[in-house]
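In: Sequence and predicted model, in that order:
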Amino acid sequence: MKKTLASDWLAGCSGCHMSLLDLDERLLALVEHVDLTATPITDLKRPAEAGVDIGLLEGAVNNSSTETVARRMRRCCKTLVAFGDCAVFGGIVTLRNRVPAADALRRAYIETETTVDGRIPRDEELAVIQPARPVGDVVAVDVCLPGCPPASDAIEHVLAELIAGRTPSLKGTLLDWH
Ligand code: SF4
């Protein structure tokens, strides 16, 4: 029976998903073993639902919206993979932590040539900025797949191991596939 696979992304650049797509024709072999049930990289942009076997989560948590996505993926996925450096240890997203949120907002909305009305939006529906954190600081992670982005071969290896019911190991050559 096929396993189910879902993916989603948080703060980052989507480069990890692009590396997944770089599997090219090997994706055809992959879909013989998994059903991709939810992902932002298809036209069916729906969130994961409960009971997914494998979840790939790219990017770091950096606001209330991305935290909600991370918690949902944790609830829905039996095995959650922190997908790429930003997810594993915060990566470049955590560089923003060096700048106080108020300073960043002022720079983005007021001290810029494209300022519209010189004010910081305060709509209650906007995500609340948080310090950037790796996924594992917010929810439990089962497998870490580092790399910026992880190499396609490494992604294929990790998915093959999980599909086979094994726990992927980082020992050996996994980190040399860059
Ligand atoms: Fe982008 Fe690298 Fe972060 Fe992946 S790990 S989201 S490629 S910056």
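Out: Here it is on my side, so go on. Numbering: from 1, shown residues only.

In: Name the residues of this structure found near the ligand, please.
Out: Contacts of the chain with the ligand, taken as CB under 6 Å from any ligand atom, map to 12-13, 15-16, 58-59, 84-86, 91-92, 148-149. Yep, even glycine has a C-beta here, placed from its N, CA and C like the rest.

In: Please tabulate these in TSV, including the columns pLDDT and secondary structure.
Out: Converted to TSV, these look like this (pLDDT from 0 to 100; DSSP: H, G, I helix; E, B strand; the rest coil):
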residue	pLDDT	secondary structure
12	95	coil
13	96	coil
15	97	helix
16	98	helix
58	98	strand
59	98	coil
84	97	coil
85	97	helix
86	98	helix
91	97	helix
92	96	helix
148	96	coil
149	97	coil
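
In: Any chance of those residues in JSON lines with neighbour count and distance to residue 130 as columns?
Out: Formatted as JSON lines, the residues of the chain next to the ligand follow (neighbours: other CB atoms under 10 Å; distance: CB to CB, whole Å):
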{"residue": "12", "neighbour count": "23", "distance to residue 130": "15"}
{"residue": "13", "neighbour count": "17", "distance to residue 130": "19"}
{"residue": "15", "neighbour count": "18", "distance to residue 130": "22"}
{"residue": "16", "neighbour count": "26", "distance to residue 130": "21"}
{"residue": "58", "neighbour count": "30", "distance to residue 130": "18"}
{"residue": "59", "neighbour count": "30", "distance to residue 130": "13"}
{"residue": "84", "neighbour count": "31", "distance to residue 130": "19"}
{"residue": "85", "neighbour count": "26", "distance to residue 130": "19"}
{"residue": "86", "neighbour count": "30", "distance to residue 130": "14"}
{"residue": "91", "neighbour count": "22", "distance to residue 130": "16"}
{"residue": "92", "neighbour count": "14", "distance to residue 130": "16"}
{"residue": "148", "neighbour count": "16", "distance to residue 130": "22"}
{"residue": "149", "neighbour count": "25", "distance to residue 130": "24"}
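
In: contact partners of the helix or strand harbouring residue 102?
Out: In the assignment (DSSP states H and E), residue 102 maps to helix 101-109. Helix 101-109 is contacted by residues 96, 115, 118-121, 129 when judged by CB atoms under 8 Å, 6 or more residues apart in numbering.
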